[in-house]
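Visitor: Got a predicted structure plus its sequence, pasted below:
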Protein chains: 2
Amino acid sequence: MQFKLQATDKGSKARAGQLSTGHGEIQTPIFMPVGTAGSVKGVHQRELKEDIKAQIILGNTYHLYLRPGLDILKPAGGLHGFNGWTGPILTDSGGYQVYSLADQRKITEEGVKFKSHIDGSNHLFTPENVMDIQRTIGADIIMAFDECPPFPCELDYAKKSMEMTHRWLDRCISHLKTTEPLYGHEQALFPIVQGSVDKELRTISAEYIASRGMDGNAIGGLSVGEPAEFMYEMTDLVCNILPADKPRYLMGVGTPANILECIALGVDMFDCVMPTRNARNGMLFTSEGIINIKNEKWKDDFSPIDATVGGYASTFYSRAYLRHLIMSKEMLGAQIATVHNLTFYLWLVNAAREKIIDGTFASWKDIMVKKVSHRL
Amino acid sequence: MQFKLQATDKGSKARAGQLSTGHGEIQTPIFMPVGTAGSVKGVHQRELKEDIKAQIILGNTYHLYLRPGLDILKPAGGLHGFNGWTGPILTDSGGYQVYSLADQRKITEEGVKFKSHIDGSNHLFTPENVMDIQRTIGADIIMAFDECPPFPCELDYAKKSMEMTHRWLDRCISHLKTTEPLYGHEQALFPIVQGSVDKELRTISAEYIASRGMDGNAIGGLSVGEPAEFMYEMTDLVCNILPADKPRYLMGVGTPANILECIALGVDMFDCVMPTRNARNGMLFTSEGIINIKNEKWKDDFSPIDATVGGYASTFYSRAYLRHLIMSKEMLGAQIATVHNLTFYLWLVNAAREKIIDGTFASWKDIMVKKVSHRL
C-alpha cells in the first residue's frame, strides 16, 4: 500500500495525500461511510459510488463474523465479492464492538470472550484469530485487535490496557506474517494508538505504534464521551509523533466540525456513524448548518436540501418532501437523508482537500467550523 | 386522454394499447406501483423510472389529503411538483382507505365521515370534495368516489351500495365539470364498477358505468378476500360490457398469476401493494417462481435473484447477499427486494404485451401462470 503526501497546509498541519490500494486510489483527507453488516444502511452500492462519491467504506469484523459468517464470506470471495462494492474496504478489528457489549464479554490477556448479540452463543476473539477473520473478509485495510477503554477511565487501567493493546499488536503482526491474503489483493494492517486522555500514555503509545513501521496508523479510544478539547489535544499530540509519510486514521470521529479540526491537526482518514444514524432521525448536515427536518418550519420549503453541495438528494428532492417522508416514517425519507448526509461529508473532506492544495485551508476551516455547527 | 388499441390476442381477450397523458405515454397492459403517501416505499423516483421502468405510479387520496395535506401539495404544484416523479400519476378516490378504517368511519348518502388514523381528527369525504382534493393533488387519472363493499356481503347491501356508488359517480361527474385542472395538464376521471360477486349487479353496474362515456373505466370491489374464480368470473363479465376502445383498470389486483389471467380477460391496467409489501418480508417474485429469501437454502446461493428479468437488483446483488440483508433487518434488503419485485412486475406486463402483439399470448400465459405461481 502506497501513500503519497501531495500537499501540506501552511496555516495548519493539514495534509492532502493519495493512498493506493488493490481496489483503487483514495484521495485524502477522506471520510469512510460505515457499512456495519456489509451494507451502508439505506444506500445502494451504486449510490455510494456515483452519487455520494465514497472512495472507501467500512465493514465491522464483529458483525460480519457473526452474520453472514465466514462460511458464507469465503466462498463469496470475501466482502467485496459478497456485497458488490468494488472500491477499497477497511474493516475494524471487532475490538470496539466487543467492548460495547459491556456485561456480555470478558477481557483477558488471551483475548475477549463474548456472547453474540444475535443468539447468545459464546465466542472468543484473539489477536491471532481476528487476523484470520480479516483475511477471510478480505478488506484492503485491516485493523489490529485492541482494547478501547471507556471514558472516564482510571489511569492505572488505561496504562495496563494500553500495554496489553501493544502486546496484542505484536501478536497481530507476528500472526499476519504467517498468513497470506486470500483474494489476490494486498491487505495493510493499521495499528491503533490508545492511552485514554493521558498525555504521557498517548505519547508512549504513539511512539510504540510508530516504531512498528506499518503502512498506516490509527488513533483509537477517542470520541467515546470525552470533551472535544481532550479529543483535539490527544489527536494533536499523537499526530506530532506518528510518521508524516504514513496515513493517519482517527477512528469513530465525528461531527463535521470535529473532522475539520482534526484535519487541521494532521488526520487523513475518518469514519463515523453520525451522518447515517442521524439521517434516519431527520438530522441533516449541510454547508450552511444543521437542519432538524422534523421542525415545522421546513414543511413548505420547496428548496433543495443543500444547493451548494448538490448531488442526487438535493437535485431531485425538496426539504418539504423530505420532511413529509420523515414525518410519515416512509423508508424513502431515511434513504434520501442518508444519501444527502454522506454526500455532504464527502463534499466536506473533498473541499478541505482542495483548500489544502490551494494553501487556503486554515482560514476556510475557521469559517466552515462555525457554519457547519450552526443550527438552521 | 387518448387510448389507442394496438393489438388484440387471437387466443384470448388480451389487448395491447397505448394511453396518452399530459405526462407521457403508457404502454398497456401495465402495472402501476403503489406510492401510498407520495412515495413507492423504499424506492427512489430515479430507480422507478430507470431501473424498474415504471410508466405510471399511484398515489392515495386519503393518505395525501391527511399528510402532507392540501396546503402543502397546492403550493408544491401538486404531487408531481412535490415528489419529483415526472411521469403519469393515478390517484384513487380514498373510498377504499376509508372503507378499510372499519369502526372509524360512517357512510351516508352525503359521503363518508371518518377519523384520521394519524391524529383521530374528524373528516368528511363527499363525491364533490374528493374531486376537489384530486384536482389539488393533480394526478393525470383520478378516480370516482365509490363504496367498496366487503366480501362476503349480503345481496341487498351490495345492491344498495352499488346504487349509491352510481349516484356518487353522477355527483363526481357534475362537480368535476364545474372545476378546472390546476397545473395545466388534463385529468381524466375513471368511474368504478361495483356489485360484489353477483352477476346481475355486476352487469347492471358495468352497463351504467359504460353509459357515462368516460375516458377509461375501472373495476373495483374485487381482490377483497373472494376466491380467485369469482374475481375472474366478475372481471370477464364486466370486460365484456365495458367499451373496447377505453382502457380497463382492475383495482388492487394482484399476484403475477392474477394479472396474467386478467390480461387474458381484457384488463389493461393493474395496481397492487403485493410486490412492494411482500418484498419487505423477503418474498420475491421471479420468472421461475416465488422465492422466500429467508429460507436457509439461499444462504450461499451467489447467483442473481432473477437472471432472466435482470435489472439493477439482479445485476449487482446475489440471492445470498439479499438473504443476509433481510435476515439482518438491513434497510437495503427491503430496498433491493422492492426494486426487484417491481422490476419483475413491469417485466411481466411488458412480456405479456409483446406476446399479445406477436399473437402468442394465450399459450405463453398458460405456461407462465404455472411458473410464476410455483414456489422455488
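Guide: Cool, got the structure. Keep in mind it's a predicted model, so treat the numbers as computed, not measured.

Visitor: switch to C-alpha atoms for all contacts and neighbour counts from now on
Guide: Fine.

Visitor: List, one by one, the residues from chain A near chain B.
Guide: Residues of chain A lying close to chain B by Cα under 8 Å from any Cα of the partner chain are A:37, A:39, A:41-44, A:67-68, A:72, A:75-76, A:82-84, A:299-300, A:302, A:316-318, A:320-321, A:324-325, A:328, A:330-332, A:335.

Visitor: at 7 Å instead, please
Guide: Taking Cα under 7 Å from any Cα of the partner chain as the contact definition, chain A meets chain B at A:41-44, A:68, A:72, A:76, A:82-84, A:300, A:302, A:316-317, A:321, A:324, A:330-332.

Visitor: Restricted to helices, list those residues.
Guide: Per DSSP state H, helices hold the following members of the residues of chain A next to chain B: A:72, A:76, A:82, A:83, A:316, A:321, A:324, A:331, A:332.

Visitor: Spell out which helix or strand contains residue A:91, please.
Guide: According to DSSP states H and E, residue A:91 maps onto strand A:89-92.

Visitor: Can I get the helix or strand following that strand in CSV? Just the C-alpha atoms.
Guide: Tracing the chain C-terminally past strand A:89-92 and defining elements by DSSP H and E, one meets helix A:95-100 next. The C-alpha trace of helix A:95-100 is given here as CSV (Å, rounded to 0.1, in the frame of the first residue of the first chain):
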residue,chain,number,x,y,z
GLY,A,95,-12.4,-4.6,19.5
TYR,A,96,-14.7,-1.7,19.8
GLN,A,97,-17.9,-3.8,19.3
VAL,A,98,-17.0,-6.4,21.9
TYR,A,99,-16.0,-3.6,24.3
SER,A,100,-19.5,-2.1,23.7
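
Visitor: Contacts for helix A:95-100, please.
Guide: Residues outside helix A:95-100 that contact it (Cα atoms under 7 Å, 6 or more residues apart in numbering or on different chains) are A:62, A:105, A:114, A:145, A:146, A:147, A:148.

Visitor: what do you get for stretch A:256-263?
Guide: So stretch A:256-263 is contacted by A:14, A:232, A:253, A:365, A:369, A:372, A:373 (Cα under 7 Å, 6+ apart).

Visitor: With respect to chain B, which of these is nearest?
Guide: The shortest approach to chain B among the contacts of stretch A:256-263 belongs to residue A:253, at 23.1 Å (Cα to the nearest Cα).

Visitor: what residues are up against that closest one?
Guide: Residue A:253 is in contact with A:223, A:259, A:270, A:271, A:272, counting by Cα under 7 Å, 6+ apart.

Visitor: hmm, 8 Å instead?
Guide: Counting by Cα atoms under 8 Å, 6 or more residues apart in numbering or on different chains, residue A:253 touches A:222, A:223, A:259, A:270, A:271, A:272.

Visitor: Among the residues you listed, name the ones in helices.
Guide: residue A:259.

Visitor: May I ask which of the contacts of stretch A:256-263 has the most neighbours?
Guide: Within the contacts of stretch A:256-263, most neighbours by other Cα atoms under 10 Å in any protein chain shown means residue A:14, with 27 neighbours.

Visitor: For residue A:259, see how far away it is.
Guide: 11 Å (Cα to Cα, to the nearest Å).

Visitor: got it, and residue A:185?
Guide: Residue A:185 is 30 Å from residue A:259, by Cα to Cα.

Visitor: likewise residue A:68?
Guide: Between residue A:68 and residue A:259 the computed distance is 32 Å (Cα to Cα).

Visitor: burial of residue A:181, as a residue count?
Guide: Look at residue A:181: counted by other Cα under 10 Å, it has 17 neighbours.

Visitor: ok, now the one 5 residues further on?
Guide: By the criterion of other Cα under 10 Å, residue A:186 has 17 neighbours.

Visitor: Now do the residue nearest the centre of chain A, the pLDDT please.
Guide: Nearest residue to the geometric centre of chain A (Cα atoms, centre = their mean): residue A:271, 1.8 Å. We have a pLDDT of 98 for residue A:271.

Visitor: Which residues does the strand holding residue A:91 contact?
Guide: Here strand A:89-92 makes contact (Cα under 8 Å, 6+ apart) with A:56-61, A:80, A:134, A:139-144.

Visitor: So which of the residues you listed sit within strands?
Guide: Among the contacts of strand A:89-92, the ones falling in strands (DSSP state E) are A:57, A:58, A:59, A:60, A:141, A:142, A:143.

Visitor: Helix, strand or coil: sort out residue A:294 for me.
Guide: Put simply, residue A:294 is coil when judged by DSSP: H, G, I helix; E, B strand; the rest coil.

Visitor: give the contact list for it.
Guide: A:282, A:323, A:326, A:327.
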